[in-house]
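Chemist: Test case, fold it:
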Amino acid sequence: MEKNSKTVYIADDDDNIRQVIKTFLFNDGYAVEDFSTGDALLARFLEKPCDLAILDVMMPGRDGFTILTELRNISTVPIIMLTARDSENDYATGLGLGSDDYITKPFSAMALLMRVRAIFRRIEFESVKYRPRQSELTFSSLTLDEAGRSILLSGEPIPLTPTEYGVLRHLMLHKGEAVSREELLNRVWGFESIVETRATDDTVRRLRQKLSGSGVVISAVWGYGFKLEEEQ
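Modeler: Next comes the predicted model:
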């Protein structure tokens with residue numbers, strides 16, 4: 001077993017599920033801590049942040065969506081949601097609140113492990129895939145910092161979740177061009193087709209709030225997608 005520096009927190013009230021997930025992740029080299037409630041995971045996170053969190057939706061105390069929201073208020077850590085409810089609304093809710101992936105029960109531990117690997121691989125890949133000159137990824141008051149995997153607004157980093165970063169980055173790469181929802185879902189979330197447009201719409205809504213007053217706007221292209229523009 002090859003160790004790595006990544007720490008994963010798991011919150012699920014099912015002891016068996018937690019143990020299986022923990023075993024698979026541990027055997028793949030991750031440091032893992034597990035919790036029976038989301039509140040316990042959040043308390044631990046406040047003491048020592050992890051590199052990725054896995055949250056069940058239905059748990060004693062506050063549910064996974066509430067804990068997801070609390071985490072997003074303080075961190076951009078990647079988050080995978082687990083749920084027994086195979087509902088498009090729940091799917092969109094999790095993505096809309098800022099989760100990076102979503103998997104429904106029952107699932108195989110290997111499938112979840114592959115999702116974890118994919119998120120870390122995507123973060124690493126995006127940090128080295130594009131190495132253009134800085135001017136090529138500068139738009140108005142925005143500057144993409146590939147080395148820090150961040151986007152700067154007037155020289156100051158904007159607190160972005162991995163999906164927010166991916167969406168804004170893709171729009172910057174295609175500044176002034178209309179980008180479809182389907183393309184964003186494929187490039188950022190890895191979906192092959194539009195399963196629920198709220199995923200992109202809710203992410204763009206949060207980005208608009210963070211860009212408010214910057215002179216940069218994400219305009220809607222009706223019935224198609226979005227475009228990054230300077231405010232008129």
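Chemist: Show me the strands in this structure, by range?
Modeler: 7-11, 31-35, 52-56, 79-83, 101-104, 138-139, 142-145, 150-153, 156-157, 179-180, 216-221, 225-230 (DSSP state E).
Chemist: out of the ones you listed, deepest packed?
Modeler: For the strands of the chain, the largest average neighbour count (mean count of other Cβ atoms under 10 Å) is found in strand 52-56, namely a mean of 26. C-beta coordinates here come from the backbone N, C-alpha and C atoms, glycine included.
Chemist: what does that strand rub up against?
Modeler: With contacts defined as Cβ atoms under 8 Å, 6 or more residues apart in numbering, strand 52-56 is touched by 6-14, 17, 21, 38, 41, 45, 64, 67-68, 71, 77-83, 99, 112, 116, 119-120.
Chemist: wait, Gly225 sits on Leu185?
Modeler: No: counting by Cβ atoms under 8 Å, Gly225 sits too far from Leu185 to count as a contact (9.9 Å).
Chemist: list residues touching both of these two?
Modeler: Thr200.
Chemist: domain parsing for the protein?
Modeler: Per the record, the chain has its domains at 7-125, 131-230, by automatic domain parsing.
Chemist: Tabulate those domains (a markdown table), appending mean pLDDT.
Modeler: Shown next, in a markdown table, are the domains of the chain (pLDDT from 0 to 100):
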| stretch | mean pLDDT |
| --- | --- |
| domain 7-125 | 86 |
| domain 131-230 | 79 |
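Chemist: Contacts for the longest helix belonging to the chain, please.
Modeler: Counting residues, the longest helix in the chain under DSSP state H turns out to be helix 109-129. Helix 109-129 is touched from outside by 6, 8, 20-21, 23-25, 28, 30, 51-52, 54, 78, 80, 82, 100-101, 103, 146-147, 149, 162, 166, 169, 190, with contacts defined as Cβ under 8 Å, 6+ apart.
Chemist: Narrow the residues you listed to those that are buried.
Modeler: Neighbour counting over the contacts of helix 109-129 (16 or more other Cβ atoms under 10 Å) leaves 6, 8, 21, 24-25, 28, 30, 51-52, 54, 78, 80, 82, 100-101, 103, 146, 149, 162, 166, 169 as the buried ones.
Chemist: Can you get me the start-to-end distance on stretch 205-221?
Modeler: Stretch 205-221 has its terminal residues 14 Å apart, counting by Cα to Cα, to the nearest Å.
Chemist: Centre of the chain to it, how far?
Modeler: In terms of Cα atoms, centre = their mean, to the nearest Å, the centre of stretch 205-221 is set 18 Å apart from its chain centre.
Chemist: Verify the contact between Leu97 and Ile67 for me.
Modeler: No: between Leu97 and Ile67 there is no contact under Cβ under 8 Å: 10.2 Å.
Chemist: Nearest residue to the middle of this structure?
Modeler: A centroid search over the chain (Cα atoms, centre = their mean) returns Asp100, at 3.1 Å, as the residue closest to the centre.
Chemist: Am I right that that one is in contact with Arg72?
Modeler: No: Asp100 lies out of contact with Arg72 (Cβ under 8 Å); the separation is 10.8 Å.
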